[in-house]
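Q: Dropping a prediction and its sequence here:
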Protein chains: 2
Amino acid sequence: MNITQEAVLKALSTVEEPDLKKDLVTLNMVDKISIDGNKVSFTIILTTPACPLKELIRKRCEDAIHEHINKKVEVTVNMTAEVTSTRFGTTPVLPKVKNVIAIASGKGGVGKSTVTSNLAMALTKSGAKVGLLDADIYGPSIPTMYGVENGKPEVTEVDGKNMILPIESLGVKIISMGFLAPAENAVVWRGPMASKALTQFLGDTLWGELDYLLIDLPPGTSDIHLTLVQAVPVTGVLIVTTPQKVALADAIKGVAMFRQPQINVPVLGVVENMAYFTPAELPDNKYYIFGKDGGKELSRRFGVPFLGEIPLVQDIREGGDNGVPAVQDADETTVKAFEGLAQGLAQQVAIRNASQPKTQKVEIKV
Amino acid sequence: MNITQEAVLKALSTVEEPDLKKDLVTLNMVDKISIDGNKVSFTIILTTPACPLKELIRKRCEDAIHEHINKKVEVTVNMTAEVTSTRFGTTPVLPKVKNVIAIASGKGGVGKSTVTSNLAMALTKSGAKVGLLDADIYGPSIPTMYGVENGKPEVTEVDGKNMILPIESLGVKIISMGFLAPAENAVVWRGPMASKALTQFLGDTLWGELDYLLIDLPPGTSDIHLTLVQAVPVTGVLIVTTPQKVALADAIKGVAMFRQPQINVPVLGVVENMAYFTPAELPDNKYYIFGKDGGKELSRRFGVPFLGEIPLVQDIREGGDNGVPAVQDADETTVKAFEGLAQGLAQQVAIRNASQPKTQKVEIKV
């Protein structure tokens, strides 16, 4: 039997994308089929370069060809990715940003900025185009964590409008109040001034085309949070918590805010930070200093995915203090924890984009 | 030689109060001198019941009597305390509160609420009258830490005005947004609403007479902070930090805010929280997970007293989660750390009151 393009497509139409629950052909994920005698190659267009199901899908494609065409076919599955979006090109602010992802916690000091900086790094390493907006106007940590504390963004004119050029570090485009105010001074502003800064970071920054723009939110549920959801459609929110009761209490408030009917931003998942400490001398001991499984319980309670736990590791803190996120060159456990989180989050974004409509900007005054 | 009242006073006028650098008689600290044959007793009125110099002063009084009167006199030194104030009776809001002490950090999650709740407890145990105002409107933790999450403050009429009665737990008078909003809901408010809540907590709460009102501030340097310094003269501020770079960066901003010329609230000291972790199995090991000595460096840099380091101890977190501050019944190291902090802070308040004029309310718009 001769191998045909149709036969290949028919075979691949039996392969289901595990998350999106439709077959690869229906999802338009198959491209560049090439047949050369007994050799077949094609490209699968994933919904994110950080797709954790890459190898599973590859294997299923090979199996489908062997089963439906011929066991002896030499199959080459190439992988590429095109990040999906519900907002691309549809919104006046950030029109070329495919996904705007807010990172929130309710409580401060749970490691939101550490998680965000490592997430941005892990997504960039996977091949995605990533921006990072540090929305903590009063206590910006991101420039320190990326070693660009002295970054001074340039301004360029685009269509007669002055635009800020984000600072690029380790492949991530960054904007932060830390670039604009001296480190030794406090930004003593009431809410409207801080909101104005955020609006500029969103609308007057030359982000270019991005797959993911991560927004590192400040603690609380106040001006910055409201201004964000009023300014742009937010694809979804990641909740960061530590396991102790008082952190969970605030994380619950964070979830409650985004789920208010008039705000209604999908919660993509929960990650538990500082889950346990393991001294080098006692590698088998896990000290649950801040309590155990609080993040898991939170995700169960709200019916949202649990995207993993990040241990309390000196490496991670040092990475932040030294300006290179730990996922770049820490030990294997740490790297795996953050890569797993990035994959899980990207996966949830893809599922959200395939199953839920675009988030609406909040129009009413809240 | 007969012992006389004058001789006792003359002897005691050679004893210097170590902090205030004046003698006990000049400072009006000697009271109730009683002479009965060879027995002399008197009362020393300390500037705070949490005075860390109590035993030193007692010893010096005994020595002075023996040296200047007679070696064989039987001396009894009674100790009492009258907390000093620069603001008592001089201000329309909180007129009967001797000292308003703000606890600030810049960064969230450094354990501000944990430190504040333990400080309040330690000062109360020493004999002081203490109030605790939880100014974290969006993420109130104090009710959980005092086991009064279901507290519902009553309202009473005083001189035709409705006043809120604070909830009393373990001897501390507490007010918090946690008493007014359900735990599972977010308080999604812009700044002015949050400021209004703070103003009510300050002015419409029946605090009664207090030696110390501790104000647990939210992270940042924004509406709540500005409203506080505009509403009342604040005696001083305690800065809480953890040792890592990104926390210190925010603590520096916190200090900078209170030192702005138009705000000008004295910084009483710095305390370093989560200084190190010691596993029970390795009692001699200190793991400086968040770095080392950051708080000490901060205090050196700003020339303010370093009031101690609090270890990262599971007991402390559990105390907070279980509603009984750790200083109440944790192990000795923890209790001593917080008692030492309370003594150091009370001492700095006394020094500040003796050496600096009353803080002025911030009048200009900032």
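A: Everything's here; your move. Numbers count the residues shown, from 1 in each chain, chains lettered A, B, ... in the order given.

Q: which helices and strands sit right next to the helix or strand where A:G269 lies?
A: Element membership for A:G269, per DSSP states H and E: strand A:267-272. Contacts defined by 3 or more CB pairs under 8 Å, 6 or more residues apart in numbering or on different chains; DSSP states H and E place strand A:267-272 against strand A:236-241, helix A:245-259, helix A:294-302, strand A:306-309, helix A:332-355. To be clear about C-beta, it is placed using only N, CA and C from the backbone, and glycine gets the same treatment.

Q: One more pass at 6 Å, please.
A: Judged by 3 or more CB pairs under 6 Å, 6 or more residues apart in numbering or on different chains; DSSP states H and E, strand A:267-272 is in contact with strand A:236-241, helix A:294-302, strand A:306-309, helix A:332-355.

Q: Make a markdown table from the ones you listed and add mean pLDDT, mean neighbour count and distance to A:S169 to it.
A: Output for those, formatted as a markdown table (pLDDT from 0 to 100; neighbours: other CB atoms under 10 Å in any protein chain shown; distance: least, CB to CB, whole Å):
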| stretch | mean pLDDT | mean neighbour count | distance to A:S169 |
| --- | --- | --- | --- |
| strand A:236-241 | 97 | 28 | 21 |
| helix A:294-302 | 95 | 18 | 29 |
| strand A:306-309 | 96 | 21 | 25 |
| helix A:332-355 | 96 | 21 | 17 |
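
Q: Next, format the ones you listed as a markdown table and append distance to B:V237.
A: A markdown table is the format used below for the helices and strands packed on strand A:267-272 (distance: least, CB to CB, whole Å):
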| stretch | distance to B:V237 |
| --- | --- |
| strand A:236-241 | 28 |
| helix A:294-302 | 31 |
| strand A:306-309 | 36 |
| helix A:332-355 | 36 |
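
Q: Looking at those, spot the one closest to chain B.
A: Chain B lies closest, by CB to the nearest CB, to one member of these: helix A:294-302, at 9.7 Å.

Q: which residues are in contact with that closest one?
A: Contacts to helix A:294-302, defined as CB atoms under 6 Å, 6 or more residues apart in numbering or on different chains, come from residues A:241, A:243, A:248, A:251, A:255, A:270, A:272, A:306.

Q: again with stretch A:349-357
A: The contact list for stretch A:349-357, computed with CB under 6 Å, 6+ apart, reads A:19-20, A:47-48, A:84, A:86, A:99, A:236, A:266.

Q: hey, C-alpha coordinates of that stretch in CSV?
A: The C-alpha trace of stretch A:349-357 is given here as CSV (Å, rounded to 0.1, in the frame of the first residue of the first chain):
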residue,chain,number,x,y,z
VAL,A,349,-3.4,28.5,29.7
ALA,A,350,-3.9,26.3,26.6
ILE,A,351,-6.9,24.5,28.2
ARG,A,352,-8.4,27.8,29.3
ASN,A,353,-8.0,29.3,25.8
ALA,A,354,-9.6,26.2,24.2
SER,A,355,-12.5,26.0,26.6
GLN,A,356,-13.4,29.5,27.9
PRO,A,357,-14.2,32.7,26.1
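
Q: Off-centre distance for that stretch?
A: 14 Å (CA atoms, centre = their mean, to the nearest Å).

Q: for stretch A:72-82, same thing?
A: Worked out by CA atoms, centre = their mean, stretch A:72-82 lies 26 Å from the chain centre.

Q: again with stretch A:300-320
A: The mean C-alpha position of stretch A:300-320 is separated from the chain mean by 14 Å, CA atoms, centre = their mean.

Q: how about the helix or strand bottoming out on mean pLDDT in chain A, does it get close to chain B?
A: None of the helices or strands of chain A scores lower by mean pLDDT, DSSP states H and E than helix A:314-322, at a mean of 91. Yes: against chain B, helix A:314-322 shows contacts by CB under 6 Å from any CB of the partner chain at A:314, A:317, A:321.

Q: Excluding covalently adjacent residues, which one is nearest to the first one?
A: The spatially closest residue to A:Q314, leaving aside those adjacent along the chain, is B:I289, at 5.4 Å (CB to CB, 6 or more residues apart in numbering or on different chains).

Q: The contacts of stretch A:349-357 in strands, which ones?
A: The members of the contacts of stretch A:349-357 that map onto strands under DSSP state E are A:99, A:236.

Q: Take the contacts of stretch A:349-357 and write them to JSON lines, including distance to B:V172.
A: Shown next, in JSON lines, are these (distance: CB to CB, whole Å):
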{"residue": "A:D19", "distance to B:V172": "51"}
{"residue": "A:L20", "distance to B:V172": "55"}
{"residue": "A:T47", "distance to B:V172": "54"}
{"residue": "A:T48", "distance to B:V172": "51"}
{"residue": "A:T84", "distance to B:V172": "53"}
{"residue": "A:T86", "distance to B:V172": "50"}
{"residue": "A:N99", "distance to B:V172": "47"}
{"residue": "A:G236", "distance to B:V172": "41"}
{"residue": "A:P266", "distance to B:V172": "41"}
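
Q: didn't A:L12 look like it was pressed against A:L24?
A: Yes: using CB atoms under 6 Å, A:L12 is in contact with A:L24, at 5.1 Å.

Q: shared neighbours of these two, anything?
A: A:V30.

Q: hmm, back to that, list the buried residues in the least confident helix or strand of chain A.
A: Applying a neighbour-count criterion of 16 or more other CB atoms under 10 Å in any protein chain shown, the buried positions in helix A:314-322 are A:314, A:316-321.

Q: ok so, going back, give me the number of residues near the residue nearest to A:Q314?
A: As a burial measure, B:I289 scores 24 neighbours (other CB atoms under 10 Å in any protein chain shown).

Q: Spatially nearest residue to A:V313 (excluding sequence neighbours)?
A: Excluding its sequence neighbours, the residue lying closest to A:V313 (CB to CB, 6+ apart) is A:T334, at 5.5 Å.

Q: can you check A:V229 too?
A: Closest residue to A:V229 in three dimensions, ignoring its sequence neighbours and counting by CB to CB, 6+ apart: A:V362, at 4.5 Å.

Q: Now do the contacts for the one you found.
A: A:V362 neighbours (CB under 6 Å, 6+ apart): A:229-230, A:263.

Q: can I see the domain layout of chain A?
A: Here the domain parsing of chain A from automatic domain parsing is A:5-81, A:100-355.

Q: the inter-axis angle of the least confident helix or strand of chain A versus helix A:332-355?
A: 80 degrees (axes from the mean of the first three to the mean of the last three CA atoms, to 10 degrees).

Q: How about residues contacting helix A:314-322?
A: Contacts of helix A:314-322 (CB under 6 Å, 6+ apart): A:114, A:145, A:325-326, A:330, A:334, B:244-245, B:289-290.

Q: Most widely separated two among these?
A: A:T334 and B:K245 (18.4 Å; CB to CB).

Q: List the residues that contact A:V148.
A: Contacts of A:V148 by CB under 6 Å, 6+ apart are A:167, A:169.

Q: Please repeat the previous calculation with a cut-off of 10 Å.
A: Going by CB atoms under 10 Å, 6 or more residues apart in numbering or on different chains, A:V148 touches A:142, A:167-170, A:172, A:174, A:176, A:178-179, A:323.

Q: Need those residues in CSV (columns: distance to A:D159, secondary structure and neighbour count).
A: Below are the contacts of A:V148 laid out as CSV (distance: CB to CB, whole Å; DSSP: H, G, I helix; E, B strand; the rest coil; neighbours: other CB atoms under 10 Å in any protein chain shown):
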residue, distance to A:D159, secondary structure, neighbour count
A:I142, 28, helix, 31
A:I167, 22, strand, 22
A:E168, 22, strand, 13
A:S169, 27, strand, 22
A:L170, 30, coil, 17
A:V172, 26, strand, 22
A:I174, 24, strand, 28
A:S176, 25, strand, 29
A:G178, 28, helix, 27
A:F179, 23, helix, 20
A:G323, 35, coil, 17
